[in-house]
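Student: here is my input; please provide its structure:
(chains A and B)
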Amino acid sequence: MIRTENLCKSYHCHTRHEVCAIQDVSLHISKNSFVVLHGPSGSGKTTLLNILGTLDRPTNGKIFMSGEDITSFSDISLSRLRREKIGFIFQDFHLIPRLATWENVSYPLIPLGIGQKERLEKSKVLLEKMELGDRLDHSPEELSGGQQQRVAIARALINNPKIIIADEPTSNIDDETSERVLELLKELKSSGTTILVATHDAHFEKIADVVYKMKNGRIE
Amino acid sequence: MIVGVNKEDIPESISCISGRMFGNPNEVVVGHELAGHFHLRTGDQFSMRGQQRKTFTVVGFFSSDASIWGSSMILMSFKDAGELFGKQGVATDIQIHTLPGHNSEIATDLYDIFQNEPYRLQDKHMVELYFKKGFMLKEGIFSALYLVALSLGVPAILVASGFGLSERKKEIGIMKATGWNTLEVLEVISFEQLLISLLGATISILLSILWVKGFNGVFIAQFFVAEITMLPKFTLPARFLPLPCMLSFFFAFILTMVGSIYSSWRASTESPVVSMK
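Tutor: The predicted structure is shown next:
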């Protein structure tokens, strides 16, 4: 489903030195697989996830998604790809504080031209599944870290994506909620979704189909 | 107001209350109110802005019973006034004193005398009206400058300081990460900014009116009217006419709109990762 060839990402820091966040990363992610990226902080996991999730562009190398080289895609095409195929779960949730819970969940549906009533219904279904049915009108600030993470997961699922990309999804939540997130991702995998997770959490490695170990921007 | 008049033609209603009447070149007498305002004393010297080669010496102060010879006037010789204004030997006005109730008869006689000459005939009330009109025009200039400055200044400070920009930028990053493209982001942001700009411009105008009418231009009036302290000791003359208000509103609106749309556009053309940081 996703294949990369010699992906590199480098940055120019303030001292004008070039810093390579990832180097020569070539990997293959099959459809309906549970893939875990494991590695210490600063090993390049988040950078790789951002590039695979089309949130950032590589400096060199290619990414093929369903056989198409997406590195040459325009901004509009990448947005369409994210909208139709990818759901992103962020480490620090990235919810919009001024919007209610259901509005955060349904935000990706607005550019699809879906009306408010339908957006509310869809969000409600997902939030009830996340056991947040009674928090529809709450603002993110009124929710706990675990609840915010579940809202972020609901937002990632609202478009029925084929790939879920999760960056440290359990690092900011308690153990009990972590287990629920893990169970949820397993359920998604069993329903046919491809899961790609960057994590330190050893529990994920146990259920993963493939584990890629990263160190110093390379896959070992 | 500066009046050039020969010493022997000075009206009887004007009397020196201290010092003496001017006699030599470059000597002036000053109305007592004007002298009080500028703290002038006999022997002080001054020159006029734009005509600094000619220095005048205050030799006395006067008061007047007639309102038209206001006490905020400077009197000097006809020759000095001609030199000061670059109109030597030219009298722009001739003052005629009449007995009360004889104005129209005198006017008719003057019309017969000067019927083929270019001249204007004004009575005391008309001259007073001119004074008032000039004063009101100055109010208009003050209001317009002040209104434009404040209504542009407030949004400019907000835009330049990036008020709310980091939150907005992050939100744009989240929008793009969840599938919005740049045009869709800009469409929504523009609509929101339109409402914010309308609100911002309205608040700027209302604030500027409140500042002058409610707080008498405290702290700000000195930047627009000369010789005013931070706390004006009199009611600040100001008028807010529809046209300057509308123009100021328009410019404030455009400034806020352009500033915020530009920063939003920049954020929306960056990769979502950069915007979300």
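
Student: so which residues of chain A form strands?
Tutor: A:2-12, A:18-25, A:28-29, A:34-38, A:60-65, A:68-69, A:86-89, A:163-167, A:194-199, A:210-215, A:218-219 (DSSP state E).

Student: what's the answer for the stretch 1-150 of chain B, then?
Tutor: For the stretch 1-150 of chain B, the strands defined by DSSP state E, counting those that start in this stretch cover B:2-4, B:14-19, B:27-31, B:45-48, B:51-64, B:74-76.

Student: which of the ones you listed sits closest to chain A?
Tutor: Across these, the minimum distance to chain A, taken as Cβ to the nearest Cβ, is reached by strand B:51-64, at 54.1 Å. For glycine as for every other residue, the C-beta is placed from the backbone atoms N, C-alpha and C.

Student: where in chain B is pLDDT low?
Tutor: Applying pLDDT under 70 to the predicted model, the residue ranges of chain B that meet it are B:49-52, B:66-71, B:127-164, B:224-228, B:237.

Student: nearest spatial neighbour of the residue of chain B found nearest chain A, chain-adjacent residues omitted?
Tutor: Proximity to chain A, evaluated over chain B using Cβ to the nearest Cβ, is greatest for B:G179 at 2.9 Å. Setting aside the residues directly before and after it, B:G179 is nearest to A:R83 in space (Cβ to Cβ, 6 or more residues apart in numbering or on different chains), at 2.9 Å.

Student: follow-up on the earlier one: compile the strands of the stretch 1-150 of chain B into CSV and extend it with columns for distance to chain A.
Tutor: Below are the strands of the stretch 1-150 of chain B laid out as CSV (distance: least, Cβ to the nearest Cβ, whole Å):
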stretch, distance to chain A
strand B:2-4, 62
strand B:14-19, 70
strand B:27-31, 63
strand B:45-48, 57
strand B:51-64, 54
strand B:74-76, 63
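
Student: so A:I29 makes contact with A:V36?
Tutor: No. In this structure, A:I29 is not within contact of A:V36 by Cβ atoms under 8 Å, at 10.9 Å.

Student: and those two? Which one has more around it.
Tutor: Each of A:I29 and A:V36 has its neighbours counted (other Cβ atoms under 10 Å in any protein chain shown); A:V36 has more, 24 against 20.

Student: in TSV: the strands of chain A, plus mean pLDDT and distance to chain B.
Tutor: Formatted as TSV, the strands of chain A follow (pLDDT from 0 to 100; distance: least, Cβ to the nearest Cβ, whole Å):
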stretch	mean pLDDT	distance to chain B
strand A:2-12	90	10
strand A:18-25	88	11
strand A:28-29	93	19
strand A:34-38	94	16
strand A:60-65	94	14
strand A:68-69	92	17
strand A:86-89	94	6
strand A:163-167	94	10
strand A:194-199	94	14
strand A:210-215	93	18
strand A:218-219	91	20
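
Student: so where's chain A shaky on pLDDT?
Tutor: Filtered on pLDDT under 70, chain A yields the residue ranges A:13-16.

Student: who in it is up against chain B?
Tutor: Counting by Cβ under 8 Å from any Cβ of the partner chain, chain A comes close to chain B at A:50, A:53, A:55-57, A:75-76, A:79-80, A:82-84, A:88, A:90, A:94-97, A:107-108, A:110-111, A:155, A:159.

Student: give me the number of residues near the residue in chain A that chain B sits nearest to?
Tutor: Nearest residue of chain A to chain B (Cβ to the nearest Cβ) works out as A:R83 at 2.9 Å. Residues near A:R83, counting by other Cβ under 10 Å, number 19.

Student: and it, what does it touch?
Tutor: A:108, A:111-112, A:159, B:178-180 (Cβ atoms under 8 Å, 6 or more residues apart in numbering or on different chains).

Student: nearest to A:E68, of these?
Tutor: Relative to A:E68, the closest of those is B:G179; by Cβ to Cβ it sits at 17.4 Å.

Student: let's have the contacts of A:R83 in TSV, adding distance to A:Y11 and neighbour count.
Tutor: Formatted as TSV, those follow (distance: Cβ to Cβ, whole Å; neighbours: other Cβ atoms under 10 Å in any protein chain shown):
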residue	distance to A:Y11	neighbour count
A:P108	28	26
A:P111	30	20
A:L112	34	14
A:N159	30	19
B:T178	24	26
B:G179	26	27
B:W180	25	24
